[in-house]
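predicted model follows, preceded by the sequence.
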Amino acid sequence: MVQINQQHLDQLENFLADAYTLKIALLTSIGTETRPVELARLQSELQKCKAAIVDFEAERNQIQYDQIPLISRNPKFATDKQLEWLLKIIRASNLNLKIVAETFRESLPPDLDSDLVSRAALAPIAMLNLLTGCPQRADKTLPLLEFTLRLAAKDPLNQYKLEAWVRQVTQDNGLVAQAQAVQLKLQAAQAPKPKTEMSPSLLISLEKPLPDQDLVRMRGWFFSPSVSEGECVYTDDAFIPLENVPQKLQKLISKLDWENEGLTLELFLPLDLIGQDLSQWKIEEGFGEETELEKAYPLVLRSWDRVNQIENLPKTYRSWKAKWDTINDSYNLNPHYCCQEDTRAKSFVTQIKDSADINSLVATFKLIPALFKQLLIAGLPVATWPRRVGIEDTEVRTAIEELITECNNENNPHFLPELLRQKRCQQIDCEDHLVHHLALWWDNPYLLPLEYKQKLEPKRSKAQGEDRR
């Protein structure tokens, strides 16, 4: 066993002396005209000395811990001989002690004493001794097996040896189920997760004075990670022709797009405008050229009627939020597919509303305002449908299924608006392609202007107060 001797102490003394000399040199340079190159050299040498001292301390601690016996605290998880086999693999590894210690900490239960963990992290022997004493978790994962498999993923040269060790130990000790549980846990951790950070969004509401008029009153709010409550960026009480909206949008987008990459456009529309064909709305692309709005930005529809009437519809509001939450919780869109014939059934709305799994709708036909009301009652936050008639049901269903499946496979349903935009750009030379004629309703109950949130909060607070009484 290696012992700390006079040579080790002399080495440390030299490190400290060099560091002290360099520190004095740096201090005396303050206020003098020292060349930048020389100053940088002194600073670099000082950092090297500090790093050498840290490495020396780590080596000394490891030497001290290497003198303790390697004893399994639970032979049912691994015998002493099996631990010796694992220790040899770790010592032969090219991984430094810091990476091994990080892996050790990642594999431990969070409630262990921090001082105990810190001491054990100083040497592989102490790590293995502690790991064998950690019991199986509720999810059947075993910290010792998790540590070894995590280490295998970080050490390609010894991956086969570490995985072979796990296979042998699980077979000898009847821990196959525990090893499978660890593998499932690590696979789930590696799976891509949806973006949790809010993307910049421009919310536009278009209010109509009368259903039969093509005049709208426009307002706009901007949301981003730094403006989570929303900032009112446009308001005008005057009504303008619907055809003038793209021009107004152009000015707003020009202001916001400079510092907000990945901007999404969200249009709050009244029921009789949700079926509007927006494929003809264009904005300037530059140098006198124009492009369709929905090819330049992800463009989604939202319900103006829902946010303006929801304060009096608590059940609908709860259903709306609950279905949106299932999208975030499951990382999946689980749509209800329907043809026009399906909507004639009296149970159509009830079937969707009462299902805990259904969180979206795929209609294979062009929707009408009366059907939008049913979707509001059902609390659906997401729906998609063709904007024109005469398309085969199977063609629509297949196209939308492919989009949803691609998002679900990546565990990122929130990518759907951008994915649809990308598909439109890919088919830019084929104007008849179905992606140019799909509408996407994407109604997030949490992304609302502050004035609408304030309408809802007093209702909820009052109701909670009455419940307490």
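Right, received. Where do you want to start?

chain center to the longest strand seen in the chain: distance?
Assignment by DSSP state E gives strand 227-241 as the longest strand of the chain. Offset of strand 227-241 from its chain centre (CA atoms, centre = their mean, to the nearest Å): 29 Å.

i'd like the first residue to be 19 from this point on
Yes, from this point I'll number from 19; that puts the last item at strand 245-259.

list the strands paired with it, with their directions.
Each strand paired with strand 245-259, and its direction, by DSSP bridges: strand 233-242 (antiparallel).

what residues sit buried inside the strand it pairs with?
V234, M236, R237, G238, W239, F240, F241, S242 (16 or more other CB atoms under 10 Å). To be clear about C-beta, it is placed using only N, CA and C from the backbone, and glycine gets the same treatment.

state the pLDDT value of the closest residue to the last one other than its chain neighbours.
Okay, so that is S242. With sequence-adjacent residues excluded and distances taken as CB to CB, 6 or more residues apart in numbering, S242 is closest to P218, at 4.3 Å. At P218, the predicted lDDT confidence score is 91.

adding pLDDT and distance to W342, write the buried residues of strand 233-242 out as TSV.
TSV is the format used below for those (pLDDT from 0 to 100; distance: CB to CB, whole Å):
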residue	pLDDT	distance to W342
V234	93	27
M236	95	26
R237	95	23
G238	95	23
W239	95	19
F240	94	21
F241	92	16
S242	88	20
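
now the helices: where do they sit in the stretch 369-487 of the chain?
For the stretch 369-487 of the chain, the helices defined by DSSP state H, counting those that start in this stretch occupy 387-396, 411-427, 434-444, 468-486.

got the buried residues for the shortest one?
The neighbour-count criterion (16+ other CB under 10 Å) identifies L389, F390, Q392, L393, L394, I395, A396 as the buried residues of helix 387-396.

before we move on, the earlier item: ok, and for the longest strand of the chain, which residues are buried?
So, applying 16+ other CB under 10 Å, buried residues of strand 245-259: G248, V251, Y252, F257, I258.

pick out the lowest-pLDDT one from these.
G248 (88).

what sits against that residue?
L221, W239, F240, F241, L466, P467, L468 (CB atoms under 8 Å, 6 or more residues apart in numbering).

could you measure from the residue lying closest to the last one once chain neighbours are set aside over to R237?
When the adjacent residues along the chain are set aside, L468 lies closest to E247, with 5.2 Å between them (CB to CB, 6+ apart). In this structure, E247 lies at 16 Å from R237, with CB to CB, to the nearest Å as the measure.

cool, and K364?
Applying CB to CB to K364 and R237 gives a distance of 38 Å.

repeat for L169
As judged by CB to CB, L169 and R237 stand 56 Å apart.

same deal with L331?
From L331 over to R237 (counting by CB to CB), the distance is 22 Å.

since we're on D295, how many residues are nearby?
11 (other CB atoms under 10 Å).

might you report the residue contacts of it?
With CB under 8 Å, 6+ apart, D295 has these contacts: R405, R406.

same check on Q100?
Contacts of Q100 (CB under 8 Å, 6+ apart): S90, W183, Q186, V187, D190.
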